[in-house]
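A.B. asks: Please work out how this folds:
(chains A, B and C)
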Amino acid sequence: MLKKVLTWAAPITLLGSVLLSTASLAEEKSILVQSTTSTANSGLYDYLLPKFTAETGIKVNVVAVGTGQAIKNAQNGDGDVLLVHAKPAEEKFVAEGWGVERFDVMYNDFIIVGPPSDPAKVAGTRDAVAALKAIAASRSLFASRGDNSGTNKKEIALWKEAGIDPKTGSGDWYRETGSGMGATLNASVGMGAYTLTDRGTWISFKNKSDYRIAVEGDKGLFNQYGVILVNPARHPNVKQAEGQAFIDWILGDQGQSAIASYQLDGQQLFFPNAKK
Amino acid sequence: MPDASAIADRRSWPEAADPPAPLGETRGLVYRPSDTALIDGIDLKIPGRGRTVVMGPNGAGKSLLLRLLHGLLIPTAGQVLWGGRPLDDGLRRQQAMVFQRPVLLRRSVAANIRFVLNLRGRAESAQVSEILDEVGLGELAHRPARLLSGGEQQRLTLARALATNPQELFLDEPTASLDPASTAAIEAIVNRAHARGTKIIFVTHDLGQARRLADDVIFLNAGRLAEHSPAHSFFDNPASQAARDYLEGRLVIRKPSR
Amino acid sequence: MQDFSEAFGLAFRLVLSADPDLLEIIALSLKVSLSAVAIACLVGLPIGTAVAMGRFRGRTAVIILLNALMGLPPVVVGLLIYLLLSNAGPLGWMRLLYTPTAMIIAQAVLIAPIVAALSREVVEQLSTEYAEQFRSLSVPPGSAATALLWDARYSLLTVALAGFGRAIAEVGAVIIVGGNIDHLTRVMTTAIALETSKGDLALALGLGIVLITIALSVNAAVMALRLTATRYAYA
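C.D. replies: Numbers count the residues shown, from 1 in each chain, chains lettered A, B, ... in the order given. The predicted model follows:
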């Protein structure tokens, strides 16, 4: 009988300790940032956040998903701060009352990467729209995120500018992966497709194989990141003070210079541009 | 082996000093799971004391009769009564059964006994070892039950059945796959239980065993009662042709007449 | 493919270095999945036993349902739990989203049907063996259920192991409800997904090798226990 009690007691005790330990975690001073895979995968947060935590004692938990999903999660109140890169969607988020106010934080740029064989003959060009036209005309493979992320929204805008509906080639030369940036890059490398990526993810991406940058330097490839405090009026659970502290810090001198000083392989990945 | 009077004392009836001997009875008993009646209208009166042996060729319905008497099967028609009352859960709890193939819990020998004692709301380790000693398994108390030899396993199931203090003990060919020594041990235990007043109802194919044990014999053939006689008259001068044929080893199984 | 040799070397170095971050991730993986197994057993074993022993209308339908639920897609479970635990969801007030507890809940939901369906089979098999003897002894249903569960304990351990294997290996549910937050909800599988998305395939594969090694060790330990039990004819 005692043996029986013991066999059942073990998992129950374990369970109890688990619930208690997670409860205590919730007591810690922390905020939740809904952000994008591009910033998280670049390693920026690993560099930035310990500095903020050391100064304020506030731990920052980052959920890295596509911009579309990050905004959706924030609308559900599952996060205190939103840090993403799709300005029109962000402004809509604020206008609808989900966020308090949007601030520019930093930028980098998008690039089009492609295989060394360069079937669309776009390597070394600057004009992104012209490059997309050439890719479509040659029916060269193009991998799209297809996940409503910031990068995806940018890509769709560029196709629109080019006057091309790539969906007509969907499944043929236009391949929508429905995945994050890294997964889409892996897929591109795997099938020899061009793809649009932010420079940060590209620099830190480790499975480049023989891929190279085909198109860069176009003004239209500018990639602006913005930060928004989720509206406490909509979601009373939002940690307003801590969230605002994070936004103030990242827009302030310390945060901005920290962003500027983050380098990977000797290259600066993000350029701070908060308005003073 | 503890002396018999001590055992008899422990096993005396707690409620009534001298309960009336139960009398088993079936009235128009039919068991027909599908089209064919396997037990086909049996009327029986089982004496309250002694060892009743049930015999009959394969497929005669011996095991079915036992299960109907013990309430493991529900009759299609007819009635089973014990002590004049229809069989119910209360009466069933005063019965026990030993099957041809021992079914033992995946536990130690002692734990198998402890299990039934706990069911009846009392388990003392002294009692467990007493019960095991009585069937000669005391030394093996902590061995895994299912690693015992076939004979030891059957002794354990018998000890487990007797641990419930049954008024009626059913045994369904308990020694069918045992060697002579193990068979003798089982018979000895059955006889001791009988001596203490437990009603024994024993199915066997073994004529020698039947002669050794029986006080009266129920002989079934093709789901019907062919004969129910005191043992001496059954073996010396069977009343039915079927029993005569069977005893002489030339009974051909007959299909039900319908 | 140089990734393979690199991955094995990396896996060895990862384990040998006892990197605190890696140990934290392994510990959380084990904590989450073992807790989920414990809960799934608390829920699934009674259900499996009840269905195994019960004779009721619609029993076959319940068995089919349980068997089908064994194939629940982790992403769907993750999504359902996300919608429940989200601040906008009915259980948002519990503030459980993006915590290990949420991951435990999701995995428990995922594997409870596995425990229920497999334990139903195990218990039913044993119940068939014991049924007549138990009926003869007038064993009440409650005692019969406990006896069956206890006597099937070593087979049920394998059932729990099947659940554990599914829990520790799944990524779809925990990445949605846990969010793969560093030092909070990052487990082996979400770390592997992350490294894959960073294109660091060698590190991802190295972590995968570590995960497989853990799964192997747990399985080996349980099998050893079972073999001992079989020797005593208890399994």
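A.B. asks: distance between stretch C:196-216 and the chain's centre?
C.D. replies: Remark: stretch C:196-216 is offset 20 Å from the chain centroid, using C-alpha atoms, centre = their mean, to the nearest Å.
A.B. asks: meant to ask about stretch B:202-220
C.D. replies: Averaged C-alpha coordinates place stretch B:202-220 at 11 Å from its chain's average position (C-alpha atoms, centre = their mean).
A.B. asks: First-to-last residue distance for it?
C.D. replies: One end of stretch B:202-220 to the other measures 13 Å (C-alpha to C-alpha, to the nearest Å).
A.B. asks: count of residues packed around residue 176?
C.D. replies: Using chain A here. The local packing of A:Glu176 (other C-beta atoms under 10 Å in any protein chain shown) involves 17 other residues. Any C-beta I mention is one placed from the backbone N, CA and C, and that applies to glycine too.
A.B. asks: ah, no, chain C please
C.D. replies: Residues near C:Ile176, counting by other C-beta under 10 Å, number 29.
A.B. asks: got the CA coordinates for the helix or strand A:Ile71 falls within in PDB?
C.D. replies: For A:Ile71, the host element (DSSP states H and E) is helix A:67-75. Extracted in PDB, the C-alpha atoms of helix A:67-75 (Å, rounded to 0.1, in the frame of the first residue of the first chain):
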ATOM      1  CA  THR A  67       5.500  40.800 -38.000                       C
ATOM      2  CA  GLY A  68       2.000  39.800 -38.900                       C
ATOM      3  CA  GLN A  69       1.700  37.300 -36.100                       C
ATOM      4  CA  ALA A  70       3.500  39.700 -33.600                       C
ATOM      5  CA  ILE A  71       0.900  42.300 -34.300                       C
ATOM      6  CA  LYS A  72      -1.900  39.800 -33.900                       C
ATOM      7  CA  ASN A  73      -0.400  38.500 -30.600                       C
ATOM      8  CA  ALA A  74      -0.100  42.100 -29.300                       C
ATOM      9  CA  GLN A  75      -3.700  42.800 -30.300                       C
END
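A.B. asks: Any buried residues in the very next helix or strand once past that helix, and which?
C.D. replies: Remark: after helix A:67-75, the chain's next helix or strand is strand A:81-84, criterion DSSP H and E. By 16 or more other C-beta atoms under 10 Å in any protein chain shown, the buried positions in strand A:81-84 come out as A:Val81, A:Leu82, A:Leu83, A:Val84.
A.B. asks: for stretch B:129-139, same thing?
C.D. replies: B:Glu130, B:Ile131, B:Leu132, B:Glu134, B:Val135, B:Leu137.
A.B. asks: ok, now which ones touch the last one?
C.D. replies: The neighbours of B:Leu137, taking C-beta atoms under 8 Å, 6 or more residues apart in numbering or on different chains as the test, are B:Val109, B:Leu148, B:Glu152, B:Arg155, B:Leu156, B:Ala159.
A.B. asks: Check the second one too.
C.D. replies: Listed by C-beta under 8 Å, 6+ apart, the contact partners of B:Ile131 are B:Ile113, B:Ala159, B:Leu162, B:Ala163.
A.B. asks: Quick check: next helix or strand after the helix or strand where it lies?
C.D. replies: Element membership for B:Ile131 (DSSP H and E) is helix B:125-134. Later in the chain than helix B:125-134, the nearest helix or strand by DSSP H and E is helix B:150-162.
A.B. asks: For the next helix or strand after that following helix, which outside residues touch it?
C.D. replies: Sequence-wise, the next helix or strand beyond helix B:150-162 is strand B:168-172, with elements assigned using DSSP H and E. Strand B:168-172 is contacted by residues B:22, B:24, B:62-63, B:66, B:69-70, B:82, B:94-100, B:158, B:161-162, B:190, B:193, B:198-203 when judged by C-beta under 8 Å, 6+ apart.
A.B. asks: repeat for stretch C:11-28
C.D. replies: By C-beta under 8 Å, 6+ apart, the residues outside stretch C:11-28 that reach it are C:100, C:183, C:185-188, C:191, C:205-207, C:209-210, C:213-214.
A.B. asks: What about those residues, which one has the most neighbours?
C.D. replies: Busiest of those [other C-beta under 10 Å] is C:Val187, holding 28 neighbours.
A.B. asks: What sits closest to that one if chain neighbours are left out?
C.D. replies: The spatially closest residue to C:Val187, leaving aside those adjacent along the chain, is C:Ser29, at 4.2 Å (C-beta to C-beta, 6 or more residues apart in numbering or on different chains).
A.B. asks: With B:Val217 instead?
C.D. replies: Spatially, and ignoring its direct neighbours in sequence, B:Val217 is nearest to B:Phe234 (4.1 Å; C-beta to C-beta, 6+ apart).
A.B. asks: Repeat that for B:Glu124.
C.D. replies: Spatially, and ignoring its direct neighbours in sequence, B:Glu124 is nearest to B:Leu117 (7.9 Å; C-beta to C-beta, 6+ apart).
A.B. asks: which ones are touching C:Ala102?
C.D. replies: With C-beta under 8 Å, 6+ apart, C:Ala102 has these contacts: C:Ile81, C:Leu85, C:Leu96, C:Val177, C:Gly178, C:Thr185.
A.B. asks: need the residues you listed in CSV with pLDDT and distance to chain B, can you?
C.D. replies: Shown next, in CSV, are the contacts of C:Ala102 (pLDDT from 0 to 100; distance: C-beta to the nearest C-beta, whole Å):
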residue, pLDDT, distance to chain B
C:Ile81, 96, 38
C:Leu85, 95, 41
C:Leu96, 94, 40
C:Val177, 95, 39
C:Gly178, 94, 40
C:Thr185, 94, 41
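A.B. asks: For the chain, give me the ranges with low pLDDT.
C.D. replies: Since no chain was named, I'll use chain A. Low-confidence segments of chain A, defined by pLDDT under 70: A:1-27.
A.B. asks: that's the other chain; I wanted chain C
C.D. replies: Counting by pLDDT under 70, the ranges of chain C that qualify are C:1-3, C:235.
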